[in-house]
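Engineer: have a look; sequence and predicted model below, questions after that.
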Amino acid sequence: MSVNHIVVGAYFVFLVVLGEAFRRFNRNLSDFFRAGCKGCWWLIGATVFMSDISSGSFVANGGLAYDGGWTITLVYFVNVLCFIVNAFGLAGWFRQLRVITYPEAIRQRFGHRLELAYSYFYILMYLPIAGLQLWSVAIFTRGIFGFDVETTIILVGAIMTIYAFVGGSWAIMAADFVQGLILFSLTILIAVLCLIKVGGIDGLFGLIRSEHLSHQFAAIKAASPRPDGKFGPVWLISVLLLQVFANNGLYYGSTRFYSAKDGRTARQASLLVAALMLVGGSIWFIPPIVGRLLYSHQIEHIPIANPAESAFAVTSLNLLPNGLAGLMLVAIFSVSMSSIQGNLNTSAAIFVRNALPGLRRLLGLPPKGGDGMLAGRLFTLAAGIIIIACGLRYAGHSTRGVWEELFKFHAWTSPALMAPMFLCLFIRRIPRWGPFVAMGAGLAASVPPEFLAHPWHPQTIVVLGTGVTTLVLLLSTLGWRREPETFKHQVSEFFRRMRTPVDFAEEVGPENDHIQFKIIGWFATGLGCLSLCILLAPNPPGARWGILFVSCCIGGVGLAMLRLAKRHRPSLKK
C-alpha cells in the first residue's frame with residue numbers, strides 16, 4: 001500500500017469523525033436542511049463555492065482547457081460577476097424569502113401548482129446530474145491511481161450517501177470549509193509547480209507558440225476551430241447564459257443562501273465566493289494546459305471515453321510530491337462530494353417539504369404528521385442508490401465525455417426551467433400560468449437533435465430555448481390584468497417579504513458563531529498537523545517545501561479559527 005492510498009483512507013476516517021461532531025446540531029428539520037439559518041458568512045461562502053464548482057471543474061472543464069485553452073476561464077470570470085451581483089442584492093433577497101426549499105419560494109410567487117411541478121423537475125433532473133459527477137470523480141481517480149471506474153463510483157457514492165444521511169447540512173458545510181482549505185492550498189501548489197516546470201508564464205506561452213496552439217488556445221475565438229462548434233462565439237454565449245440563470249435565479253441559485261443568518265451574511269458570503277472563484281478561475285486551468293504541452297502522450301492513452309478529461313489528474317501525478325497526489329485526490333473527492341451531498345440534502349428537503357405534501361394534496365389525503373426527518377433520511381438513502389446506478393450507467397454506456405453529457409442535458413432542460421425563475425425576480429406582471437406556457441415552449445424548442453434529426457448543436461439549442469422561453473414569458477404578461485386581486489396581492493407580498501431584512505434575534509434566536517469557529521478550527525488544525533506526517537514519505541528535499549506549504553495553509557487557518565472562537569465566545573454577564 002502506497003503513501004497516497006494511506007492518505008486517502010485516513011481522510012475518509014477524518015470525514016466521518018467530522019460528520020459525527022456536527023450530528024448533535026440537528027434538532028429539527030430546519031437544522032438538518034438549512035443549518036437552522038445560523039451559518040456564518042465564511043461557512044456559507046465556502047459551501048456555496050464548493051457546491052458550485054464540483055469535480056467538473058477539474059475533469060470536464062479541465063478537458064475543455066486541454067482541448068481549447070483559456071476559453072473556459074471566461075466562464076469563471078462570468079461567475080465572479082454573478083456573485084458580485086448577488087452580493088449587492090440577490091443573495092440578501094434569497095435569504096429574506098425565509099424558506100427552507102426553493103419550491104416554497106415559487107409557491108409564494110406563483111402558487112401550489114408550479115411549486116409541485118418544480119419540485120418533481122428538480123428531483124428528476126438532479127439524480128442523473130449527480131451520477132455524472134460521480135463518474136467524473138471516477139475518471140480523476142483512474143488518472144491518479146488507475147482504480148476501476150465502476151468500483152470507485154460505488155465506493156464514493158456509498159460514502160457520500162451515508163455522510164449526507166447522518167450529518168445533514170451542518171456536517172456538509174463544515175466538511176466543505178475544511179475541504180476548501182485542502183483544495184485551494186493544493187491547487188495553488190500544483191499551479192506553481194506547473195509554472196516552474198515550464199519556465200514561468202513566459203515559458204508557458206512560449207511553449208504554446210512553439211506547439212502552434214496560440215489560435216486554438218485563445219480565450220475569445222472569432223470562429224470555432226472544431227466542426228461541432230465548440231469554443232466558438234455561440235458556444236461561449238450559451239455557456240454564459242446557463243451560468244447566469246443557474247447562479248441568479250430562484251431555481252438553483254437561491255438555495256445556496258437559505259442557511260445564512262440574515263441578508264447581510266448572505267451578501268458577505270457571496271463576496272467571498274466571488275473572490276474564491278476569481279482565484280480559482282485564474283489558476284485551475286494551468287495544469288491541464290501544461291498537460292497538453294508536456295504529457296499529452298500519457299494522457300491520451302488513458303482508457304476512458306474522453307482522455308483529455310484526465311489531464312489535471314495526470315499532470316498532478318507527475319509534479320506533486322509523493323503523498324500529496326493522494327491529498328489531491330482527496331480534494332477532488334471532496335469537491336465532488338460537496339456538490340452531490342449539498343444537492344442530495346436539497347432534494348431530500350424538497351421531497352419532504354414540497355413533493356410529498358403536494359402529492360398527498362392531489363390525492364385528497366390529509367397532511368402527514370411529524371417533522372419529516374425520517375422521510376428525509378430515507379429519501380437520502382434511496383436517492384443515493386439511484387445516483388450510483390446513474391453513474392454506473394454513464395461509465396458503462398457513454399461514448400462521450402462528462403462535459404458532452406452534462407452540456408447536452410443542460411441544453412435541453414435549463415433554459416426552459418431556469419429562465420422563468422430568473423426573470424420573475426424582476427418582472428412582476430407574470431400571470432400564474434405564464435411559467436407553465438414558457439416552460440412548455442422552451443422544452444419544445446430545446447428537444448435534443450437525435451429526436452428530430454436536425455443538425456443543431458447543443459449550444460444552438462441553448463440560445464434558441466432561451467430566446468423562445470423568454471419571449472413567451474414576456475408575452476404572457478399581457479394576461480396580467482385578468483388575474484384575480486388575490487393573486488396580485490400574493491405577488492406584492494412576495495416582493496415585500498423578499499425585500500424585508502431578517503431580524504436574526506427575533507426570527508431565529510441566539511447565534512452559535514463561537515461553536516462553528518471552535519469545532520472547525522480544531523478539525524482544520526488537526527488536519528494540518530496530520531498532513532505534516534506526509535513529510536515522512538520518501539521525497540526529494542525540494543518537494544518537502546510543498547508539503548510544508550499545504551500543511552501550514554490548512555493548520556494556520558485552523559489556528560486563526562480557534563483564536564476567533566475565543567473572541568466570539570458569548571459573555572456570561574447579563
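Structural biologist: Looks like it came in fine.
Engineer: counting neighbours, what do you get for Asn318?
Structural biologist: Other residues within reach of Asn318, judged by other Cβ atoms under 10 Å, total 17. Yep, even glycine has a C-beta here, placed from its N, CA and C like the rest.
Engineer: next: Thr73.
Structural biologist: Neighbour tally, Thr73, other Cβ under 10 Å: 20.
Engineer: residues contacting it?
Structural biologist: Contacts for Thr73 (Cβ atoms under 8 Å, 6 or more residues apart in numbering) come out as 65, 219, 281-282, 285.
Engineer: in a markdown table, list these along with secondary structure, pLDDT and distance to Gly434.
Structural biologist: Shown next, in a markdown table, are the contacts of Thr73 (DSSP: H, G, I helix; E, B strand; the rest coil; pLDDT from 0 to 100; distance: Cβ to Cβ, whole Å):
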| residue | secondary structure | pLDDT | distance to Gly434 |
| --- | --- | --- | --- |
| Ala65 | helix | 91 | 40 |
| Ala219 | coil | 86 | 38 |
| Gly281 | helix | 91 | 35 |
| Ser282 | helix | 92 | 40 |
| Phe285 | coil | 93 | 40 |
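Engineer: and these, which is closest to Ile100?
Structural biologist: Gly281 (31.3 Å; Cβ to Cβ).
Engineer: residue ranges with poor pLDDT in the stretch 351-500 of the chain?
Structural biologist: Residues of the stretch 351-500 of the chain that meet the criterion pLDDT under 70 lie in 368-373, 398-399, 448-455.
Engineer: ok, 80 please
Structural biologist: 359-377, 396-406, 446-457 (pLDDT under 80).
Engineer: so which residues of it form helices?
Structural biologist: 356-362, 373-397, 402-423, 434-445, 449-452, 458-476, 485-498 (DSSP state H, counting those that start in this stretch).
Engineer: for this structure, which element, helix or strand, carries the lowest mean pLDDT?
Structural biologist: Taking mean pLDDT, DSSP states H and E as the measure, the helix or strand of the chain with the lowest value is helix 449-452, at a mean of 56.
Engineer: what is the nearest of the contacts of Thr73 to Pro307?
Structural biologist: The closest of the contacts of Thr73, once distances to Pro307 are taken by Cβ to Cβ, is Ala65, at 13.8 Å.
Engineer: is it true that that closest one touches Leu293?
Structural biologist: No: contact between Ala65 and Leu293 fails when scored by Cβ atoms under 8 Å: they sit 11.6 Å apart.
Engineer: of the two, who's got more company?
Structural biologist: Comparing Ala65 with Leu293 by other Cβ under 10 Å, the one with more neighbours is Ala65, at 27 against 21.
Engineer: ok, that one to Ser282 distance?
Structural biologist: As defined by Cβ to Cβ, to the nearest Å, Ala65 lies at a distance of 12 Å from Ser282.
Engineer: okay, domains of this structure per the record?
Structural biologist: 3-93+110-239+259-403, 512-574 (automatic domain parsing).
Engineer: who wins for proximity to Leu471 among those?
Structural biologist: Of all the domains of the chain, domain 3-93+110-239+259-403 comes closest under Cβ to Cβ, at 16.9 Å.
Engineer: that older thread, now the contacts of Thr73: which count as buried?
Structural biologist: 65, 281, 285 (16 or more other Cβ atoms under 10 Å).
Engineer: hang on, Gly92 packs against Ala269?
Structural biologist: No: at 10.3 Å, Gly92 does not count as touching Ala269 under the criterion of Cβ under 8 Å.
Engineer: more crowded one of these two?
Structural biologist: Applying other Cβ under 10 Å to Gly92 and Ala269 shows that Ala269 carries more neighbours, namely 31 against 24.
Engineer: name the helix or strand for that one, please.
Structural biologist: Using DSSP states H and E, Ala269 maps to helix 263-283.
Engineer: so what secondary structure elements neighbour that helix?
Structural biologist: When contacts are defined as 3 or more Cβ pairs under 8 Å, 6 or more residues apart in numbering; DSSP states H and E, helix 263-283 packs onto helix 41-53, helix 71-85, helix 91-96, helix 149-198.
Engineer: including mean pLDDT and distance to Trp480, could these go into CSV?
Structural biologist: Formatted as CSV, these follow (pLDDT from 0 to 100; distance: least, Cβ to Cβ, whole Å):
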stretch, mean pLDDT, distance to Trp480
helix 41-53, 84, 34
helix 71-85, 89, 26
helix 91-96, 91, 22
helix 149-198, 81, 37
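Engineer: wait, which of these is closest to Glu507?
Structural biologist: helix 91-96 (10.3 Å).
Engineer: that closest one: what's the following helix or strand?
Structural biologist: Using DSSP H and E, the helix or strand that follows helix 91-96 in sequence is helix 102-110.
Engineer: give me the contact list for that following helix.
Structural biologist: Against helix 102-110 from outside (Cβ under 8 Å, 6+ apart): 94, 97, 99, 114-116, 118-119, 122, 250-252, 254-255, 350, 353-354, 421, 424, 430, 432, 435, 490-491, 493-494, 497.
Engineer: now, of those residues, which are buried?
Structural biologist: Buried among those (16+ other Cβ under 10 Å): 94, 97, 99, 114-116, 118-119, 122, 250-252, 254-255, 350, 353-354, 421, 424, 430, 432, 435, 490-491, 494.
Engineer: which one of the buried ones among the contacts of Thr73 sits closest to Asp503?
Structural biologist: Distance to Asp503, by Cβ to Cβ, is smallest for Gly281 among the buried ones among the contacts of Thr73, at 36.6 Å.
Engineer: for the residue lying closest to that closest one once chain neighbours are set aside, give me its contacts.
Structural biologist: Spatial nearest neighbour of Gly281, excluding adjacent residues (Cβ to Cβ, 6 or more residues apart in numbering): Tyr76 at 2.8 Å. Neighbouring residues of Tyr76 by Cβ under 8 Å, 6+ apart: 277-278, 280-281, 284.
Engineer: same question for Ser214.
Structural biologist: Neighbouring residues of Ser214 by Cβ under 8 Å, 6+ apart: Ile208.
Engineer: same deal with Met328?
Structural biologist: 144, 186, 190, 316, 320.
Engineer: could I have the buried ones of those as PyMOL selection syntax?
Structural biologist: Listed next is the PyMOL selection for buried residues among the contacts of Met328, using 16+ other Cβ under 10 Å:
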select buried, resi 144+186+190+316+320
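Engineer: kindly indicate which of the contacts of Met328 lies nearest His397.
Structural biologist: When those are compared against His397 (criterion: Cβ to Cβ), the nearest one is Ile144, at 24.0 Å.
Engineer: I'd like the distance between the closest residue to Gln268 other than its chain neighbours and Arg267.
Structural biologist: Of all residues not flanking Gln268 in the chain, Trp41 sits nearest, at 3.7 Å (Cβ to Cβ, 6+ apart). Look at Trp41 and Arg267: by Cβ to Cβ, they are 8 Å apart.
Engineer: much appreciated, bye for now.
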